[in-house]
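K.L.:
based on what follows, work out the 3D shape:
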Amino acid sequence: MTTRTINIEKVGQISLTINDRSRRIRLSVKSDGEIVVSMPRNAKVEDAIRFVESKTDWIVKQQSKAQAGLTLFAPESCFKTKFHQLAITKGNTDRVYNRVGNGVIQIFIPDKVNHELPKVQEFIKNTLIDVMRWEAKIYLPKRLKELAEKHGFRYQDVSIKNTKTRWGSCSFTNNINLNLHLMRVPEHLIDYVLLHELAHTVVKNHGEKFWLLLEQCYPNSRKADKEMNNYRTQTF
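P.N.:
Reported below is the predicted structural model:
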């Protein structure tokens with residue numbers, strides 16, 4: 001078998017496999033949204049491309065199913081970071097592009113382009129990640145330092161990461177990692193996560209001593225901990 005990657009304007013990147021066992025062109029969409037095409041050796045690539053283009057609507061539906069549980073961004077979407085708000089506009093343009101400034105993350109999409117296409121959604125998501133990373137690097141280290149000085153905590157370094165499962169972590173040597181997705185949760189919960197990790201510089205487990213210490217710095221900390229369950233570290 002021979003596999004190559006090609007780009008088709010209407011659907012984006014696909015994996016094209018020439019398979020001696022294939023008798024006809026076959027199309028599938030994997031659970032991660034990847035488009036896979038298998039074709040006989042004697043078939044023409046142009047035929048495979050036309051076949052894929054004829055199945056555009058089906059591909060979009062399958063990829064949307066693959067993204068079940070994840071955010072699908074549309075012109076009517078309401079998405080806010082700590083310092084910006086998303087605005088998606090469809091109009092007379094020949095490409096998808098962004099413009100960030102004055103508190104707005106502006107995404108421009110051509111009228112003729114389906115905003116649900118994976119390549120468009122990926123562009124929007126990458127833009128949001130870039131903006132949140134920028135915000136997080138400016139805001140979180142400064143706020144962490146303020147809270148540490150206020151409550152007498154000491155830590156080593158602080159890193160901003162795009163992690164899938166944790167809002168934050170504190171290493172044995174008191175290096176603190178913070179998730180850039182904190183930029184889309186309420187400010188009081190950002191403080192809760194920062195103080196949670198700062199408390200781990202003193203107590204490395206979640207025992208009673210840890211919660212007593214955290215409660216001194218952040219009253220009703222267990223309530224805040226439960227409130228964090230309303231937010232997911234990865235929604236797109």
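K.L.:
mind checking how far the closest residue to Asp47 other than its chain neighbours is from Val120?
P.N.:
Of all residues not flanking Asp47 in the chain, Ile25 sits nearest, at 6.7 Å (C-beta to C-beta, 6 or more residues apart in numbering). Yep, even glycine has a C-beta here, placed from its N, CA and C like the rest. Distance of Ile25 to Val120, computed by C-beta to C-beta, to the nearest Å: 25 Å.
K.L.:
could you do Val185 as well?
P.N.:
For Val185 relative to Val120 (C-beta to C-beta), the value is 26 Å.
K.L.:
may I have stretch 205-216 as PDB, with CA atoms only?
P.N.:
What follows is stretch 205-216, C-alpha atoms only, in PDB (Å, rounded to 0.1, in the frame of the first residue of the first chain):
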ATOM      1  CA  ASN A 205      -1.600  15.900  49.000                       C
ATOM      2  CA  HIS A 206      -5.400  16.600  49.300                       C
ATOM      3  CA  GLY A 207      -5.700  15.600  52.900                       C
ATOM      4  CA  GLU A 208      -7.400  17.500  55.700                       C
ATOM      5  CA  LYS A 209      -4.300  19.700  56.300                       C
ATOM      6  CA  PHE A 210      -4.400  20.800  52.700                       C
ATOM      7  CA  TRP A 211      -8.000  21.900  52.800                       C
ATOM      8  CA  LEU A 212      -7.600  23.600  56.200                       C
ATOM      9  CA  LEU A 213      -4.700  25.600  54.700                       C
ATOM     10  CA  LEU A 214      -6.600  26.500  51.500                       C
ATOM     11  CA  GLU A 215      -9.600  27.500  53.500                       C
ATOM     12  CA  GLN A 216      -7.600  30.100  55.300                       C
END
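K.L.:
re the thing from before, contacting residues around the residue nearest to Asp47?
P.N.:
Val37, Ser38, Met39, Pro40, Ala43, Asp47, Ala48, Phe51 (C-beta atoms under 8 Å, 6 or more residues apart in numbering).
K.L.:
one more time with 7 Å
P.N.:
Going by C-beta atoms under 7 Å, 6 or more residues apart in numbering, Ile25 touches Val37, Met39, Ala43, Asp47, Ala48, Phe51.
K.L.:
which stretches of this structure form strands?
P.N.:
Assigned by DSSP state E, the chain shows strands spanning 2-8, 12-18, 26-29, 35-39, 85-91, 97-101, 104-110, 158-161, 168-170, 176-179.
K.L.:
okay, the angle between the fifth one and strand 104-110?
P.N.:
For strand 85-91 against strand 104-110, the angle between stretch directions is 20 degrees (axes from the mean of the first three to the mean of the last three C-alpha atoms, to 10 degrees).
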